[in-house]
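Chemist: 3D model of this:
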Amino acid sequence: MPQQPQPPSPPQPAHIPSTAERGSFCLALCSCGWKGPARRSRDLARKDAARHRADADRQAR
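Modeler: Residues are numbered from 1 along each chain as shown. Next comes the predicted model:
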């Protein structure tokens, strides 16, 4: 009996960062499941998200 070809593995989730507010804190989230630390500064949370995406892009190369 011939072997059946294996189905392709599911693609890795795209890295689509965003921010979310939890009370007085803001944190960066990504569609891949990554979460940044809770910050009081929205700007720092946005920078965390941008840094995560840059790191993910670098690792994909």
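Chemist: mind listing what Ala38 touches?
Modeler: Residues near Ala38 by CB atoms under 8 Å, 6 or more residues apart in numbering: 22, 25-27. (C-beta placed from N, C-alpha, C; glycine too.)
Chemist: what do you get for Trp34?
Modeler: 15, 28, 52.
Chemist: which of those tops the neighbour count?
Modeler: The residue in those with the most neighbours, by other CB atoms under 10 Å, is Ala28 (25 neighbours).
Chemist: Point to the residue nearest the middle of the protein.
Modeler: Cys30 (3.0 Å; CA atoms, centre = their mean).
Chemist: my guess is that residue meets Asp48, correct?
Modeler: No: using CB atoms under 8 Å as the test, Cys30 is too far from Asp48 to be in contact (9.8 Å).
Chemist: low pLDDT regions in this structure?
Modeler: 1-2, 8-13 (pLDDT under 70).
Chemist: quick one, strands of it?
Modeler: 17-22, 25-30 (DSSP state E).
Chemist: Columns distance to Gln3 on top of those strands, output as CSV?
Modeler: Shown next, in CSV, are these (distance: least, CB to CB, whole Å):
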stretch, distance to Gln3
strand 17-22, 41
strand 25-30, 37
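Chemist: Which stretch among these is buried most, on average?
Modeler: Stretch with highest mean neighbour count among those: strand 25-30 (a mean of 19; mean count of other CB atoms under 10 Å).
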